[in-house]
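1. the sequence and its predicted three-dimensional model are supplied below.
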Amino acid sequence: MRGPLVIAIDGPAASGKGTLARKLAEYYGLKHLDTGLTYRAVAALLMAEGGLEPNGERAVAAAGRLDLSAMDRDLLSAHDIGEAASKIAVIPELRQALVERQRAFASQPPGAVLDGRDIGTVVCPRALTKLYVTASPEVRARRRTDELLGRGKPTDFAAVLADLKRRDARDMERDDSPLRPADDAHLIDTSAMTIEAAFRAAVAIVDAAISAKDRASPS
Ligand code: DC
């Protein structure tokens, strides 16, 4: 097979797309980029430097300074950083700057798995395989609540559910690159699936795409 192999994964918060992306990257020997972390890292930089701005200039400068290999998932997973990331993600100039960084990451051999909200629609529209991973808001809120409780954080299911719904609305209703499945995305609804079952379903889809590509251009 020629050229970098790119797997694009989109979906709402707590759908399981991040876990799936990491497992697929490991299985196929690809790099992985959680693009949500790029928005979170910019939000964290702006917050540390004195606040979020409606004007995109500082956000674009922060995006240029990001080291994609040094984004700390634990630090950036804080709730207020996620909220801030979702808010600055509506700024078109910032999106353009981050999309360029994300595309450069995806174009390096041997290829990569990218997960986010606009990977199949905007960042990598020519990806070999596009997956749209989702689950009902209740199931996602239950997973997020259990995860937080497991880390010893007092958590209220109803508050988590309301929060997820608010985040979904913001991500799906913004004008620039809203969260939606690409026309050629494969839908994986993980509401009633284990992560193992979702992984097997995804591997079957990716393997079929690799075989089809090999048949179309045998090396
Ligand atoms: O996946 P996450 O919760 O880490 O993402 C945080 C926010 O970043 C999310 O609410 C919207 C934004 N985001 C985006 O607009 N586009 C992406 N490709 C990834 C994340």
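-> On my side now, so go ahead. Numbering: from 1, shown residues only.
2. who does the biggest helix by length in the chain touch, helix- and strand-wise?
-> Taking DSSP state H as the criterion, the chain has its longest helix at helix 195-216. Secondary-structure packing of helix 195-216 (3 or more CB pairs under 8 Å, 6 or more residues apart in numbering; DSSP states H and E): helix 17-28, strand 129-134, strand 186-189. Yep, even glycine has a C-beta here, placed from its N, CA and C like the rest.
3. point out the most buried one among those.
-> The highest average neighbour count among the helices and strands packed on helix 195-216, using mean count of other CB atoms under 10 Å, belongs to strand 129-134 at a mean of 25.
4. what angle sits between the longest helix of the chain and helix 17-28?
-> Using axes from the mean of the first three to the mean of the last three CA atoms, to 10 degrees, the direction of helix 195-216 lies 50 degrees away from that of helix 17-28.
5. now do helix 195-216: everything it contacts.
-> Residues from elsewhere that reach helix 195-216 (CB atoms under 8 Å, 6 or more residues apart in numbering): 1, 5, 7, 16, 19-20, 23-24, 27-28, 128-129, 131, 133, 186, 188, 190, 193.
6. and if we set it to 10 Å?
-> With contact meaning CB atoms under 10 Å, 6 or more residues apart in numbering, helix 195-216 is reached by 1-3, 5, 7, 9, 15-17, 19-21, 23-24, 27-28, 113, 127-131, 133, 135, 186, 188-190, 193-194.
7. show me which residues of this structure sit near the ligand.
-> 13, 35-36, 39-40, 82, 85-86, 89, 116-118, 167, 171 (CB under 6 Å from any ligand atom).
8. low-confidence regions, this protein specifically.
-> Within the chain, the segments meeting pLDDT under 70 span 1-2, 53-54, 219.
9. check which helices and strands the helix or strand where Gly82 lies sits against.
-> Here Gly82, judged by DSSP states H and E, is contained in helix 79-88. Counting contacts by 3 or more CB pairs under 10 Å, 6 or more residues apart in numbering; DSSP states H and E, helix 79-88 is packed against helix 35-48, helix 57-65, helix 73-76, helix 157-173.
10. highest mean neighbour count out of those helices?
-> The most buried one of the helices and strands packed on helix 79-88 (mean count of other CB under 10 Å) is helix 35-48, showing a mean of 22.
11. quick one: contacts of the helix holding Gly82?
-> With CB under 10 Å, 6+ apart as the criterion, helix 79-88 contacts 13, 36-44, 46-47, 51-54, 56, 59, 62-63, 75-76, 78, 94-95, 117, 148, 153, 160, 163, 166-168, 170-171, 174.
12. on contacts alone, who are the packing partners of the following helix or strand past that helix?
-> Next helix or strand after helix 79-88 toward the C-terminus (DSSP H and E): helix 92-106. Contact analysis of helix 92-106 by 3+ CB pairs under 10 Å, 6+ apart lists strand 5-10, strand 31-34, helix 35-48, helix 57-65, strand 111-116 as its packing neighbours.
13. report the inter-axis angle for helix 92-106 versus strand 5-10.
-> Angle, helix 92-106 to strand 5-10, by the same axes, to 10 degrees: 140 degrees.
14. buried ones in helix 92-106?
-> For helix 92-106, burial by neighbour count (16 or more other CB atoms under 10 Å) applies to 94-95, 97-99, 101-102, 105-106.
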